[in-house]
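Peer 1: Give me a model of this one.
(chains A and B)
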Number of protein chains: 2
Amino acid sequence: MSIVLRPAVAGDGAALHAMVMALAISHGHENDVTATPGDFDAALTLPGGLISAIIAEVDGLPAGCAIYHRSFSTFRGKETIYLEDLCVLPEFRRRGVARQLLKAVARAAVARGVPAVSWLMMDWNDGARALYESAGAEVEAGNSFCRLTGDALGRLAE
Amino acid sequence: MSIVLRPAVAGDGAALHAMVMALAISHGHENDVTATPGDFDAALTLPGGLISAIIAEVDGLPAGCAIYHRSFSTFRGKETIYLEDLCVLPEFRRRGVARQLLKAVARAAVARGVPAVSWLMMDWNDGARALYESAGAEVEAGNSFCRLTGDALGRLAE
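Peer 2: Predicted structure coming up:
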(Lines give C-alpha, C1' and ligand atoms only; values in the text may rest on other atoms or scores of the structure.)
Protein backbone atom coordinates (compact mmCIF):
# COMPACT_ATOMS: atom_id res chain seq x y z
CA MET A 1 0.00 0.00 0.00
CA SER A 2 1.36 3.42 -0.94
CA ILE A 3 0.03 6.71 0.47
CA VAL A 4 0.70 9.71 -1.77
CA LEU A 5 -0.13 13.24 -0.61
CA ARG A 6 -0.72 16.11 -3.02
CA PRO A 7 -2.28 19.59 -2.90
CA ALA A 8 -5.87 19.75 -4.12
CA VAL A 9 -6.37 21.74 -7.32
CA ALA A 10 -9.31 22.88 -9.44
CA GLY A 11 -11.13 19.75 -10.55
CA ASP A 12 -10.72 18.00 -7.18
CA GLY A 13 -14.07 19.40 -5.96
CA ALA A 14 -15.92 16.14 -6.57
CA ALA A 15 -13.39 14.14 -4.55
CA LEU A 16 -13.45 16.66 -1.68
CA HIS A 17 -17.24 16.71 -1.69
CA ALA A 18 -17.41 12.91 -1.49
CA MET A 19 -15.00 12.86 1.45
CA VAL A 20 -16.81 15.65 3.35
CA MET A 21 -20.06 13.72 2.82
CA ALA A 22 -18.44 10.58 4.26
CA LEU A 23 -17.35 12.59 7.31
CA ALA A 24 -20.85 14.04 7.70
CA ILE A 25 -22.36 10.53 7.57
CA SER A 26 -19.92 9.34 10.26
CA HIS A 27 -21.12 12.20 12.49
CA GLY A 28 -24.84 11.76 11.68
CA HIS A 29 -24.99 15.09 9.87
CA GLU A 30 -25.50 14.02 6.25
CA ASN A 31 -28.73 16.04 6.05
CA ASP A 32 -26.78 19.22 6.88
CA VAL A 33 -24.58 19.04 3.79
CA THR A 34 -25.75 21.46 1.12
CA ALA A 35 -22.31 21.99 -0.49
CA THR A 36 -21.83 20.93 -4.10
CA PRO A 37 -18.64 19.70 -5.78
CA GLY A 38 -18.51 23.05 -7.58
CA ASP A 39 -18.45 24.92 -4.25
CA PHE A 40 -15.14 23.24 -3.40
CA ASP A 41 -13.63 23.96 -6.80
CA ALA A 42 -14.66 27.61 -6.40
CA ALA A 43 -13.25 27.89 -2.86
CA LEU A 44 -9.93 26.36 -3.93
CA THR A 45 -9.46 28.78 -6.79
CA LEU A 46 -11.00 31.99 -5.41
CA PRO A 47 -8.64 34.98 -5.55
CA GLY A 48 -7.31 35.42 -2.03
CA GLY A 49 -7.33 31.67 -1.37
CA LEU A 50 -10.35 30.85 0.77
CA ILE A 51 -9.29 27.26 1.45
CA SER A 52 -6.39 24.92 0.84
CA ALA A 53 -6.62 21.16 0.81
CA ILE A 54 -4.36 18.13 0.70
CA ILE A 55 -5.57 14.89 -0.85
CA ALA A 56 -4.24 11.50 0.21
CA GLU A 57 -4.28 8.84 -2.49
CA VAL A 58 -3.92 5.18 -1.59
CA ASP A 59 -2.80 3.01 -4.48
CA GLY A 60 -3.86 5.82 -6.79
CA LEU A 61 -7.38 6.30 -5.39
CA PRO A 62 -8.54 9.35 -3.39
CA ALA A 63 -8.71 8.10 0.19
CA GLY A 64 -8.81 11.16 2.40
CA CYS A 65 -8.31 14.90 2.64
CA ALA A 66 -7.39 17.73 4.96
CA ILE A 67 -9.20 21.03 4.29
CA TYR A 68 -7.75 24.08 6.02
CA HIS A 69 -7.66 27.86 5.87
CA ARG A 70 -6.02 30.89 7.39
CA SER A 71 -6.92 31.82 10.93
CA PHE A 72 -5.56 34.20 13.56
CA SER A 73 -4.61 33.77 17.21
CA THR A 74 -5.42 36.91 19.18
CA PHE A 75 -3.24 35.67 22.07
CA ARG A 76 -0.24 35.25 19.77
CA GLY A 77 -1.09 38.10 17.42
CA LYS A 78 -0.13 35.88 14.49
CA GLU A 79 -1.65 34.10 11.55
CA THR A 80 -2.35 30.42 12.21
CA ILE A 81 -3.85 27.52 10.28
CA TYR A 82 -7.32 26.22 11.10
CA LEU A 83 -7.95 22.63 10.06
CA GLU A 84 -11.60 22.62 9.07
CA ASP A 85 -11.95 18.92 8.21
CA LEU A 86 -9.79 15.82 8.27
CA CYS A 87 -11.65 13.13 6.32
CA VAL A 88 -10.78 9.54 5.44
CA LEU A 89 -13.18 7.43 3.39
CA PRO A 90 -14.48 4.43 5.43
CA GLU A 91 -12.76 1.81 3.27
CA PHE A 92 -9.36 3.47 3.84
CA ARG A 93 -9.57 3.97 7.61
CA ARG A 94 -7.10 2.43 10.11
CA ARG A 95 -4.19 2.56 7.67
CA GLY A 96 -2.47 5.70 8.93
CA VAL A 97 -3.97 8.01 6.30
CA ALA A 98 -5.27 10.55 8.85
CA ARG A 99 -1.86 10.77 10.52
CA GLN A 100 -0.14 11.38 7.18
CA LEU A 101 -2.66 14.13 6.39
CA LEU A 102 -2.10 15.75 9.80
CA LYS A 103 1.66 15.63 9.20
CA ALA A 104 1.16 17.31 5.84
CA VAL A 105 -0.81 20.14 7.47
CA ALA A 106 1.94 20.54 10.08
CA ARG A 107 4.45 20.79 7.22
CA ALA A 108 2.31 23.46 5.55
CA ALA A 109 2.31 25.44 8.82
CA VAL A 110 6.09 25.21 9.14
CA ALA A 111 6.52 26.13 5.47
CA ARG A 112 4.33 29.21 5.93
CA GLY A 113 6.07 30.12 9.18
CA VAL A 114 2.85 30.10 11.22
CA PRO A 115 3.15 29.03 14.87
CA ALA A 116 0.02 26.92 15.33
CA VAL A 117 -2.52 24.59 13.75
CA SER A 118 -5.86 24.33 15.52
CA TRP A 119 -9.08 22.41 15.02
CA LEU A 120 -12.15 21.06 16.79
CA MET A 121 -12.87 17.48 17.80
CA MET A 122 -16.09 15.99 19.11
CA ASP A 123 -15.46 14.78 22.68
CA TRP A 124 -16.86 11.32 21.92
CA ASN A 125 -14.37 10.66 19.13
CA ASP A 126 -11.87 8.44 20.98
CA GLY A 127 -10.13 7.34 17.79
CA ALA A 128 -9.45 10.93 16.80
CA ARG A 129 -8.30 11.79 20.33
CA ALA A 130 -5.75 8.96 20.30
CA LEU A 131 -4.37 10.17 16.98
CA TYR A 132 -4.18 13.82 18.01
CA GLU A 133 -2.59 13.15 21.39
CA SER A 134 -0.02 10.81 19.87
CA ALA A 135 0.79 13.56 17.36
CA GLY A 136 1.56 15.93 20.22
CA ALA A 137 -1.59 18.07 20.14
CA GLU A 138 -3.09 19.71 23.20
CA VAL A 139 -6.75 18.67 23.51
CA GLU A 140 -8.88 20.98 25.65
CA ALA A 141 -12.41 19.83 26.49
CA GLY A 142 -15.24 22.06 27.70
CA ASN A 143 -15.91 24.08 24.57
CA SER A 144 -19.24 24.81 22.94
CA PHE A 145 -19.46 25.54 19.25
CA CYS A 146 -21.84 28.46 18.63
CA ARG A 147 -23.43 29.36 15.32
CA LEU A 148 -25.79 32.02 14.01
CA THR A 149 -27.47 31.20 10.72
CA GLY A 150 -30.61 31.72 8.68
CA ASP A 151 -33.51 33.66 10.19
CA ALA A 152 -31.74 34.12 13.53
CA LEU A 153 -28.78 35.75 11.80
CA GLY A 154 -31.07 38.00 9.78
CA ARG A 155 -33.09 39.04 12.84
CA LEU A 156 -29.99 39.92 14.86
CA ALA A 157 -28.66 41.98 11.96
CA GLU A 158 -31.81 44.15 11.84
CA MET B 1 -24.67 56.41 27.98
CA SER B 2 -24.08 56.14 24.24
CA ILE B 3 -22.60 53.08 22.50
CA VAL B 4 -20.95 53.86 19.17
CA LEU B 5 -19.69 51.06 16.92
CA ARG B 6 -16.99 51.60 14.31
CA PRO B 7 -14.63 49.45 12.23
CA ALA B 8 -11.12 49.16 13.65
CA VAL B 9 -8.41 50.78 11.54
CA ALA B 10 -4.62 51.03 11.61
CA GLY B 11 -3.71 52.68 14.91
CA ASP B 12 -6.34 50.78 16.89
CA GLY B 13 -3.85 48.00 17.69
CA ALA B 14 -3.20 49.29 21.22
CA ALA B 15 -6.92 49.37 22.05
CA LEU B 16 -7.46 45.86 20.62
CA HIS B 17 -4.44 44.54 22.50
CA ALA B 18 -5.73 45.98 25.80
CA MET B 19 -9.13 44.38 25.28
CA VAL B 20 -7.71 40.97 24.31
CA MET B 21 -5.55 41.14 27.44
CA ALA B 22 -8.65 41.87 29.56
CA LEU B 23 -10.36 38.84 28.02
CA ALA B 24 -7.31 36.66 28.68
CA ILE B 25 -7.25 37.79 32.33
CA SER B 26 -10.95 36.91 32.69
CA HIS B 27 -10.17 33.40 31.43
CA GLY B 28 -6.98 32.97 33.50
CA HIS B 29 -4.78 32.96 30.40
CA GLU B 30 -2.89 36.25 30.73
CA ASN B 31 0.44 34.42 30.65
CA ASP B 32 -0.42 33.02 27.21
CA VAL B 33 -0.64 36.43 25.54
CA THR B 34 2.47 37.18 23.53
CA ALA B 35 0.77 39.48 20.99
CA THR B 36 1.86 43.11 20.80
CA PRO B 37 -0.23 46.14 19.81
CA GLY B 38 1.74 46.23 16.57
CA ASP B 39 0.66 42.67 15.73
CA PHE B 40 -2.97 43.82 15.64
CA ASP B 41 -2.18 46.85 13.50
CA ALA B 42 -0.32 44.58 11.09
CA ALA B 43 -3.12 41.99 10.93
CA LEU B 44 -5.73 44.71 10.27
CA THR B 45 -3.80 46.18 7.38
CA LEU B 46 -2.17 43.12 5.81
CA PRO B 47 -2.91 42.73 2.09
CA GLY B 48 -5.61 40.07 1.84
CA GLY B 49 -7.24 41.17 5.10
CA LEU B 50 -6.23 38.70 7.81
CA ILE B 51 -8.66 40.07 10.41
CA SER B 52 -11.45 42.61 10.72
CA ALA B 53 -12.55 44.20 13.97
CA ILE B 54 -15.33 46.39 15.31
CA ILE B 55 -14.70 48.67 18.26
CA ALA B 56 -17.46 49.73 20.65
CA GLU B 57 -16.98 53.12 22.27
CA VAL B 58 -18.98 54.09 25.34
CA ASP B 59 -19.14 57.81 25.91
CA GLY B 60 -16.15 58.17 23.60
CA LEU B 61 -13.94 55.56 25.31
CA PRO B 62 -12.96 52.18 23.81
CA ALA B 63 -15.10 49.68 25.74
CA GLY B 64 -15.09 46.47 23.74
CA CYS B 65 -14.32 44.82 20.45
CA ALA B 66 -15.24 41.97 18.13
CA ILE B 67 -12.34 40.47 16.18
CA TYR B 68 -13.30 38.19 13.29
CA HIS B 69 -11.98 36.69 10.07
CA ARG B 70 -13.01 34.69 7.05
CA SER B 71 -13.78 31.04 7.54
CA PHE B 72 -15.36 28.27 5.46
CA SER B 73 -18.12 25.76 6.14
CA THR B 74 -17.40 22.47 4.39
CA PHE B 75 -21.01 21.35 4.95
CA ARG B 76 -22.36 24.50 3.26
CA GLY B 77 -19.50 24.91 0.80
CA LYS B 78 -19.54 28.63 1.50
CA GLU B 79 -17.45 31.35 3.10
CA THR B 80 -18.52 32.15 6.66
CA ILE B 81 -17.35 34.50 9.40
CA TYR B 82 -15.49 33.19 12.44
CA LEU B 83 -15.71 35.40 15.51
CA GLU B 84 -12.33 34.97 17.15
CA ASP B 85 -12.89 37.18 20.20
CA LEU B 86 -15.69 39.23 21.70
CA CYS B 87 -14.16 41.39 24.44
CA VAL B 88 -15.65 43.98 26.79
CA LEU B 89 -13.45 45.78 29.31
CA PRO B 90 -14.48 44.94 32.92
CA GLU B 91 -15.63 48.47 33.73
CA PHE B 92 -18.04 48.45 30.76
CA ARG B 93 -19.63 45.03 31.30
CA ARG B 94 -23.37 44.49 31.90
CA ARG B 95 -24.39 47.46 29.74
CA GLY B 96 -25.31 45.63 26.53
CA VAL B 97 -21.99 46.29 24.79
CA ALA B 98 -21.39 42.61 23.91
CA ARG B 99 -24.85 42.30 22.37
CA GLN B 100 -24.29 45.40 20.23
CA LEU B 101 -20.95 43.98 19.05
CA LEU B 102 -22.56 40.64 18.18
CA LYS B 103 -25.27 42.49 16.24
CA ALA B 104 -22.58 44.37 14.33
CA VAL B 105 -20.88 41.10 13.36
CA ALA B 106 -24.24 39.72 12.21
CA ARG B 107 -24.67 42.84 10.07
CA ALA B 108 -21.22 42.33 8.58
CA ALA B 109 -22.18 38.76 7.66
CA VAL B 110 -25.42 39.90 6.00
CA ALA B 111 -23.57 42.69 4.19
CA ARG B 112 -21.00 40.21 2.85
CA GLY B 113 -23.70 37.73 1.94
CA VAL B 114 -22.22 34.91 4.06
CA PRO B 115 -24.69 32.46 5.61
CA ALA B 116 -23.18 31.91 9.06
CA VAL B 117 -21.19 33.36 11.93
CA SER B 118 -19.55 30.84 14.26
CA TRP B 119 -17.41 30.99 17.37
CA LEU B 120 -16.37 29.04 20.46
CA MET B 121 -17.56 29.51 24.03
CA MET B 122 -16.19 27.96 27.20
CA ASP B 123 -18.93 25.74 28.69
CA TRP B 124 -18.62 27.40 32.10
CA ASN B 125 -19.41 30.88 30.78
CA ASP B 126 -23.08 31.17 31.74
CA GLY B 127 -23.22 34.90 31.06
CA ALA B 128 -22.02 34.40 27.52
CA ARG B 129 -24.40 31.48 27.01
CA ALA B 130 -27.39 33.62 28.05
CA LEU B 131 -26.37 36.33 25.58
CA TYR B 132 -25.77 33.94 22.71
CA GLU B 133 -28.98 31.97 23.20
CA SER B 134 -31.04 35.15 23.49
CA ALA B 135 -29.45 36.32 20.24
CA GLY B 136 -30.70 33.16 18.51
CA ALA B 137 -27.43 31.23 18.31
CA GLU B 138 -27.23 27.43 18.40
CA VAL B 139 -24.87 26.38 21.21
CA GLU B 140 -23.48 22.85 20.85
CA ALA B 141 -21.52 21.44 23.79
CA GLY B 142 -19.14 18.49 23.65
CA ASN B 143 -16.31 19.97 21.61
CA SER B 144 -12.61 19.85 22.32
CA PHE B 145 -10.29 22.51 21.00
CA CYS B 146 -7.10 20.95 19.65
CA ARG B 147 -3.85 22.73 18.98
CA LEU B 148 -0.41 21.85 17.67
CA THR B 149 2.31 24.37 18.46
CA GLY B 150 5.99 24.75 19.18
CA ASP B 151 8.18 21.66 19.37
CA ALA B 152 5.24 19.29 18.85
CA LEU B 153 4.36 21.05 15.59
CA GLY B 154 7.96 20.95 14.43
CA ARG B 155 8.36 17.26 15.30
CA LEU B 156 5.19 16.27 13.43
CA ALA B 157 6.34 18.23 10.40
CA GLU B 158 9.65 16.32 10.16
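
Peer 1: C-alpha only now, for contacts and for neighbours.
Peer 2: Noted.

Peer 1: What about the residue nearest the centre of chain A? Give its phi and psi, please.
Peer 2: For chain A, the residue nearest the mean C-alpha position is A:Asp85 (2.0 Å; C-alpha atoms, centre = their mean). Note on A:Asp85: its backbone torsions stand at phi -140, psi 140 [degrees, to the nearest 10].

Peer 1: is it in a bridge, and if so with what?
Peer 2: Beta bridges link A:Asp85 to A:Ile67, judged by DSSP bridges.

Peer 1: With B:Ala43 as the reference, measure out to A:Val133.
Peer 2: For the record, residue A:133 is Glu, not Val. A:Glu133 sits at a distance of 31 Å from B:Ala43 (criterion: C-alpha to C-alpha, to the nearest Å).

Peer 1: what ranges do the helices span in chain A?
Peer 2: Counting by DSSP state H, chain A has helices at residues A:13-26, A:37-45, A:97-112, A:126-134, A:150-156.

Peer 1: Any chance of the ones you listed in TSV with mean pLDDT, distance to B:Ala22 and mean neighbour count as columns?
Peer 2: Shown next, in TSV, are the helices of chain A (pLDDT from 0 to 100; distance: least, C-alpha to C-alpha, whole Å; neighbours: other C-alpha atoms under 10 Å in any protein chain shown):
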stretch	mean pLDDT	distance to B:Ala22	mean neighbour count
helix A:13-26	96	37	20
helix A:37-45	96	36	20
helix A:97-112	98	29	20
helix A:126-134	96	30	14
helix A:150-156	98	26	16
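
Peer 1: For the spatially closest residue to A:Leu83 that is not a sequence neighbour, which residues are in contact?
Peer 2: Nearest-residue entry for A:Leu83: A:Tyr68, 4.3 Å, with adjacent residues in sequence omitted and distances by C-alpha to C-alpha, 6 or more residues apart in numbering or on different chains. A:Tyr68 is in contact with A:51-53, A:81-85, counting by C-alpha atoms under 8 Å, 6 or more residues apart in numbering or on different chains.

Peer 1: Check A:Gly77 too.
Peer 2: Contacts of A:Gly77 (C-alpha under 8 Å, 6+ apart): B:34-36, B:39-40, B:43.

Peer 1: Give me the number of neighbouring residues for A:Leu50.
Peer 2: By other C-alpha atoms under 10 Å in any protein chain shown, the residues close to A:Leu50 number 19.

Peer 1: same thing with A:Val33?
Peer 2: A:Val33 has 17 neighbouring residues, counting by other C-alpha under 10 Å.

Peer 1: and if you look at A:Trp124?
Peer 2: A:Trp124 has 11 neighbouring residues, counting by other C-alpha under 10 Å.

Peer 1: and what of A:Arg147?
Peer 2: Residues contacting A:Arg147 under the criterion other C-alpha under 10 Å number 22.

Peer 1: can you redo the helices of chain A as CSV with distance to B:Ala14?
Peer 2: Formatted as CSV, the helices of chain A follow (distance: least, C-alpha to C-alpha, whole Å):
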stretch, distance to B:Ala14
helix A:13-26, 40
helix A:37-45, 34
helix A:97-112, 26
helix A:126-134, 36
helix A:150-156, 29
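
Peer 1: And those: which comes nearest B:Gly11?
Peer 2: Closest to B:Gly11 of the helices of chain A, according to C-alpha to C-alpha: helix A:97-112, at 26.4 Å.

Peer 1: how about the closest one, does it get close to chain B?
Peer 2: Yes: contact between helix A:97-112 and chain B, assessed by C-alpha under 8 Å from any C-alpha of the partner chain, occurs at A:103-107, A:110.

Peer 1: how about A:Val88, what does it touch?
Peer 2: With C-alpha under 8 Å, 6+ apart, A:Val88 has these contacts: A:19, A:22-23, A:63-65, A:97-98.

Peer 1: For A:Leu83, give its distance to B:Ala14.
Peer 2: Distance from A:Leu83 to B:Ala14, by C-alpha to C-alpha: 29 Å.

Peer 1: Tell me who's in contact with the residue lying closest to A:His17 once chain neighbours are set aside.
Peer 2: Counting by C-alpha to C-alpha, 6+ apart, A:His17 lies nearest to A:Pro37, which is 5.2 Å off, once chain neighbours are set aside. With contact set as C-alpha under 8 Å, 6+ apart, A:Pro37 has these partners: A:13-17.

Peer 1: now do 7 Å
Peer 2: A:13-14, A:17 (C-alpha atoms under 7 Å, 6 or more residues apart in numbering or on different chains).

Peer 1: Which of the residues you listed sits closest to chain B?
Peer 2: Chain B has its nearest neighbour among the contacts of A:Pro37 in A:His17, at 8.4 Å by C-alpha to the nearest C-alpha.

Peer 1: And the closest one, how close does it get to B:Val4?
Peer 2: Distance, A:His17 to B:Val4, by C-alpha to C-alpha: 43 Å.

Peer 1: A:Leu101 now?
Peer 2: Applying C-alpha to C-alpha, the value for A:Leu101 to B:Val4 is 46 Å.

Peer 1: cool, A:Pro62 as well?
Peer 2: Taking C-alpha to C-alpha as the measure, A:Pro62 and B:Val4 are separated by 51 Å.
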